[in-house]
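# One predicted model, sequence on top.
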Amino acid sequence: MLKRIGVSILIAIAFLTAVAQKSTSYEIEKDYPLFLEKMKQELTYPMAWGNSAQTDFSEWRKMARTIVLDAMLAPPPVAKEYGMEVVAIEQRAGYEARKIRFNLSGYSRVPAYLLVPAFPAVVLLHGHGAHFSIGKEKMIRPFDVDSLILADADNWVHQCYDDQYVGDYLASKGYVVISIDALFWGERGRKEGARYESQQSLACVFEMLGRSWSGTISYEDMYTADFLASLKEVDADRIGCMGFSMGAYRSWMLSALSDRVKAGVAVCWLTTTEYQLSPHYGRGKGDSNYANVLPGLRRYLDYPHIVSIACPKAMLFFNGRHDKLFPVPAVENAYSQLHTVWNSQNADDKLITKLWELPHFCSKEMQAEILSFFNKQLSK
């Protein structure tokens, strides 16, 4: 009897397998809906500069910024006071490294690294990299930490920054530098330990509460720039920002949304939705994108249109020609759109875009050009 039941089960499994193999009824292929192209054709970006009925650029900037902020959903409450405390200090060649804590918002008191030499200042924005155990330590060499964290940071800087901490490099040249952990990274990470899939869960919680995880990250970057401007060591009129990979996305978002920032640098993160959501070029899938997706924004603006809100600020964009995350056609298309906008405002001399013979990487040569850019744009 049991033998006959076993044979019946095997026959049933074989039948279902054969049916599944012959079935052609589906609407998803390679994680894309079959009607993807139709949906993309419906994206007309009516609020982009040049598409919008608003022909006054300063008024367009206000309108476009409002649309982006609306898509970021409710902001975290602003801290009533920063209450900064210095936890530890380390003297370095030509500058002082401080480990500090301050009230970033009405919700969060955060750790940060602050490098203090003179007056020009830069907000450094770390990337994603599917690597969550460190955040700010990707940009500034940590101290007074476990040896494993230091080794983790050194290894990351070797892989992505040519063995040179960007923050320490800029500080050694006279810049005040700050970097915090974005929510989900480093000391603001998951109690149970880093887990890639938890990004989706976290983003879901935020949206269920009428908030946006991605929007919160950008709001906190704006709050960080405000905090930096409050320090006595900083000239509030000479603040820049810089980031690599997801940090580049954070950098041009901050440049577009905050009047605190006078000059922005973005290395290896710029594309268009047309290329990002493409079976051939697409890298727009996966949980990592929850960190830079704003609900409903594509009804009005694409990535280059958001960047354009920063115009006529000085902006520098670098990308590698061999960057598998951001292929050349996508990057060149986005750069072309930016130059059209900066040209329209007679400010194209303030926009630098460049492709390097490199992969997804921020080399020492890139960092030297970034320093020259900041020296020119943030000098008195």
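Ah, there it is.
# so where is the protein shaky, pLDDT-wise?
1-24, 282-288 (pLDDT under 70).
# Show me the strands in the stretch 51-200 of the chain, by range?
For the stretch 51-200 of the chain, applying DSSP state E, counting those that start in this stretch gives strands covering 85-92, 95-103, 109-116, 121-125, 176-180.
# Out of these, which gets nearest to His339?
Minimum separation from His339 across these (CB to CB) falls at strand 121-125, 23.6 Å. C-beta: built from backbone N, CA, C; applies to glycine.
# other SSEs contacting the closest one?
Judged by 3 or more CB pairs under 8 Å, 6 or more residues apart in numbering; DSSP states H and E, strand 121-125 is in contact with helix 166-171, strand 176-180, helix 213-230, strand 239-244, helix 246-257.
# The ones you listed into JSON lines, with extra columns for distance to Gln377 and mean neighbour count?
Output for the helices and strands packed on strand 121-125, formatted as JSON lines (distance: least, CB to CB, whole Å; neighbours: other CB atoms under 10 Å):
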{"stretch": "helix 166-171", "distance to Gln377": "13", "mean neighbour count": "25"}
{"stretch": "strand 176-180", "distance to Gln377": "15", "mean neighbour count": "28"}
{"stretch": "helix 213-230", "distance to Gln377": "16", "mean neighbour count": "22"}
{"stretch": "strand 239-244", "distance to Gln377": "7", "mean neighbour count": "29"}
{"stretch": "helix 246-257", "distance to Gln377": "12", "mean neighbour count": "26"}
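# Spatially nearest residue to Tyr290 (excluding sequence neighbours)?
Excluding its sequence neighbours, the residue lying closest to Tyr290 (CB to CB, 6 or more residues apart in numbering) is Ala203, at 3.9 Å.
# Confirm for me that Val157 is in contact with Ile134.
No: Val157 lies out of contact with Ile134 (CB atoms under 8 Å); the separation is 10.1 Å.
# For the two, indicate the residue with more neighbours.
With neighbours defined as other CB atoms under 10 Å, Val157 and Ile134 compare such that Ile134 has more, 24 against 21.
# Relative to Ser308, how far out is that one?
33 Å (CB to CB, to the nearest Å).
# got it, and Leu254?
15 Å.
# Please apply the same query to Phe132.
In terms of CB to CB, Phe132 sits 31 Å off from Ser308.
# In terms of neighbours, single out the busier of these two.
Taking other CB under 10 Å, Phe132 and Ser308 do not tie; Ser308 has more neighbours (27 against 21).
# can you put the helices and strands packed on strand 121-125 in a markdown table and add distance to Val293?
As requested, the helices and strands packed on strand 121-125 are exported to a markdown table (distance: least, CB to CB, whole Å):
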| stretch | distance to Val293 |
| --- | --- |
| helix 166-171 | 26 |
| strand 176-180 | 21 |
| helix 213-230 | 6 |
| strand 239-244 | 17 |
| helix 246-257 | 11 |
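# can you give me the offset of stretch 333-348 from its chain's centre?
From the chain centre to the centre of stretch 333-348 is a distance of 21 Å (CA atoms, centre = their mean, to the nearest Å).
# May I have it as CSV, with CA atoms only?
The C-alpha trace of stretch 333-348 is given here as CSV (Å, rounded to 0.1, in the frame of the first residue of the first chain):
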residue,chain,number,x,y,z
ASN,A,333,23.1,60.4,-20.9
ALA,A,334,22.8,61.8,-17.4
TYR,A,335,25.8,64.1,-17.8
SER,A,336,24.4,65.4,-21.0
GLN,A,337,21.2,66.3,-19.3
LEU,A,338,23.0,68.1,-16.5
HIS,A,339,25.1,70.2,-19.0
THR,A,340,22.0,71.3,-20.8
VAL,A,341,20.6,72.7,-17.5
TRP,A,342,23.8,74.3,-16.4
ASN,A,343,24.3,75.8,-19.9
SER,A,344,20.8,77.2,-19.8
GLN,A,345,21.8,79.2,-16.7
ASN,A,346,25.2,80.3,-18.1
ALA,A,347,26.9,78.2,-15.4
ASP,A,348,28.4,75.3,-17.3
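# Give me the contacts around that stretch.
49-50, 57, 270-272, 274-275, 303-305, 307-308, 311-312, 315, 317, 350-351, 353 (CB atoms under 8 Å, 6 or more residues apart in numbering).
# Filter these down to the buried ones, ChimeraX style.
Buried members of the contacts of stretch 333-348, identified by 16 or more other CB atoms under 10 Å, are gathered into one ChimeraX selection as follows:
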select :49,57,270,271,272,274,275,303,304,305,307,308,311,312,315,317,350,351,353
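# Please flag which of the contacts of stretch 333-348 sit within helices.
Members of the contacts of stretch 333-348 lying in helices (criterion: DSSP state H): Phe57, Glu274, Tyr275, Tyr303, Pro304, His305, Val307.
# could you redo those as TSV and give each row distance to Arg260?
Output for these, formatted as TSV (distance: CB to CB, whole Å):
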residue	distance to Arg260
Phe57	20
Glu274	32
Tyr275	31
Tyr303	22
Pro304	22
His305	22
Val307	17
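# Quickly note the distance from His322 to Trp356.
Applying CB to CB to His322 and Trp356 gives a distance of 9 Å.
# what's the nearest residue to Arg61 if we skip its chain neighbours?
Ile309 (5.4 Å).
# Kindly tell me how buried that neighbour is, as a neighbour count.
23.
# Let me know whether it touches Met63 as I believe.
No: with contact defined as CB under 8 Å, Ile309 does not reach Met63; the gap is 9.6 Å.
# ok, which pair from the ones in helices among the contacts of stretch 333-348 is furthest apart?
Between any two of the ones in helices among the contacts of stretch 333-348 (CB to CB), the greatest distance is 26.3 Å, for Phe57 and Tyr275.
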